[in-house]
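J.: Next one to model:
(one chain, ligands or ions: 2)
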Amino acid sequence: MKKIVLLGSTGSIGTNTLDVVSRFPGKFKIDALSVDSNIDLLLRQIKQFRPKAVAVRDIKKAAILKKTASSIIKGLKIYEGDEGVEELAGRRDADIVVVAISGTAALSPILRAMGSKKRIALANKEALVSAGKIITDFAKKKKIEIIPVDSEHSAIFQCLDGKGSRSYLSKIYLTGSGGPLRNVSKKDFNKLSTKDVLNHPKWKMGKKITVDSATLMNKGLEVIEAHWLFDVEVDKIEVLIHPEAIIHSMVEFSDGAILAQLANPDMRLPILYALSFPERYKTIFPKVAFSEIRKFSFYSPDTGKFPCLSLAYRVIRDGGSSPCVLNASNEEAVKAFLSGRIKFTKIPVIIEKVLSKHKNIKNPTLTDILDKERWAKEEAKVLCCHS
Ligand code: NDP
Ligand code: MG
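T.: Ligands and ions are numbered 1, 2, ... in the order given. Below is the predicted model of the structure:
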């Protein structure tokens, strides 16, 4: 039985992870769950999965949960605040920590989990974009396995199976469905409502990542994520739009051979692989129906229509604190768009303005990263107010 700490249990990845866990009662056991504030769903999860500990970041909500939950499960430990979430990440009892928190709030829990030598099943990408060098250096030092959950990175990880493969890798084709605006003309972007943008054709995900899919910033963040996870220069990572969303990424080797990973677009598959690795468990999820798909198509993304993708390539070439600033200003701009404060078209404009004011630190420490993140969010917030 693998004991699992699930950080971000009430989100899209979190609930999919619990669905996977519930299908393999003999293989996985939930040890602990954490949320930001959704205690109603957490309470239902506590009743079903009977964890030993939970954490609620929102202190007021944690107090309410303490009144209700402790009478339901005797001995349930309830932690609160950011420290509470970190406490769970470092739990000695667990074998795997699934990081399904959105945004850079995941950074401290990731470092804490690595400090206590846990395997990390990593769904979160923002922490890796912001502090990729710090996280990957720490993982190497502590000999920690980071197993990607993001579907493209899980695909690459699976294609690179076998010790020798990595040294022959010459190129990564990172695929993407094209997002909810693939067929919308750029001149109509000004009229887009949050509802239009949140209507993803292939994946059901949290709101932030769905907006990122619409701007193609999600692909940009994924290029940076792949750069750190697989230690590959960004010039060897090519984004390909593949609307059928069946090929989740491909790797090309020095002899020209290409391996791809294919499956239906269902996050439960990469989640299960991250939990079962190096084994594979039998599932009853629907299999790919090739005769119904009939054709696979690929084309290059339109960076004129989606400037966020070029911004992501630019910051990783600049290196240092630039990716952190891109990510933080994007988080703030997406928040402003979701709350109706700015138009969709302003998202790349705000990110670019913050980047142009940023003074890059070439080898940032963790403190530099946290400072730059605060600075970039403040700058973006002010720009959002004046838009
Ligand atoms: P959601 O917004 O659906 O869920 C986020 C989860 O994290 C919730 O449980 C939320 O709690 C919790 N949370 C939010 N903020 C904090 C915080 N500051 N501290 C602690 N917990 C917090 O996100 P997704 O599941 O869509 O995405 C999670 C991560 O996985 C993201 O980084 C995303 O890019 C990545 N990812 C997601 C995919 C998907 O299919 N959704 C695919 C690939 C990667 P509460 O419910 O209480 O707010
Ligand atoms: Mg992805």
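J.: What number of residues are in the vicinity of Phe253?
T.: 17 (other CB atoms under 10 Å). Bear in mind the C-beta positions are built from the backbone N, C-alpha and C, glycine included.
J.: my read: it touches Arg166, true?
T.: No: counting by CB atoms under 8 Å, Phe253 stays clear of Arg166, with 10.0 Å between them.
J.: Pick out the residue of the protein closest to ligand 2.
T.: Proximity of the chain to ligand 2 (CB to the ion) peaks at Asp150, 4.3 Å away.
J.: Contact partners for Lys204?
T.: Lys204 sits next to Ser12 when contact means CB atoms under 8 Å, 6 or more residues apart in numbering.
J.: Just the pLDDT for it.
T.: With respect to pLDDT, Lys204 scores 83.
J.: how far away is it from Ser151?
T.: To Ser151, Lys204 is 13 Å away according to CB to CB, to the nearest Å.
J.: Which other helices and strands does the helix or strand encompassing Arg44 contact?
T.: Per DSSP states H and E: Arg44 is located in helix 39-49. Counting contacts by 3 or more CB pairs under 8 Å, 6 or more residues apart in numbering; DSSP states H and E, helix 39-49 is packed against helix 12-23, strand 28-35, strand 53-56, helix 59-72.
J.: any chance of these in TSV, plus mean neighbour count?
T.: Below are those laid out as TSV (neighbours: other CB atoms under 10 Å):
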stretch	mean neighbour count
helix 12-23	21
strand 28-35	25
strand 53-56	26
helix 59-72	14
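J.: would you turn those into a markdown table with distance to Cys159?
T.: Formatted as a markdown table, these follow (distance: least, CB to CB, whole Å):
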| stretch | distance to Cys159 |
| --- | --- |
| helix 12-23 | 22 |
| strand 28-35 | 25 |
| strand 53-56 | 35 |
| helix 59-72 | 42 |
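J.: Adding distance to Lys305 and mean pLDDT, write these out as a markdown table.
T.: As requested, these are arranged in a markdown table below (distance: least, CB to CB, whole Å; pLDDT from 0 to 100):
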| stretch | distance to Lys305 | mean pLDDT |
| --- | --- | --- |
| helix 12-23 | 26 | 98 |
| strand 28-35 | 36 | 98 |
| strand 53-56 | 41 | 98 |
| helix 59-72 | 41 | 90 |
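J.: Pick out the least confidently modelled helix or strand of the protein, by mean pLDDT.
T.: helix 165-168 (a mean of 86; mean pLDDT, DSSP states H and E).
J.: tell me which residues of the helix or strand following that helix are tucked away?
T.: Downstream of helix 165-168, the next assigned helix or strand under DSSP H and E is strand 169-176. Residues 169, 171-176 are the ones in strand 169-176 that count as buried (16 or more other CB atoms under 10 Å).
J.: what does stretch 124-136 give?
T.: For stretch 124-136, the neighbour count (16+ other CB under 10 Å) marks 124-132, 134-136 as buried.
J.: and Ile78, that one's in a helix?
T.: No: the assignment for Ile78, made by DSSP: H, G, I helix; E, B strand; the rest coil, is strand rather than a helix.
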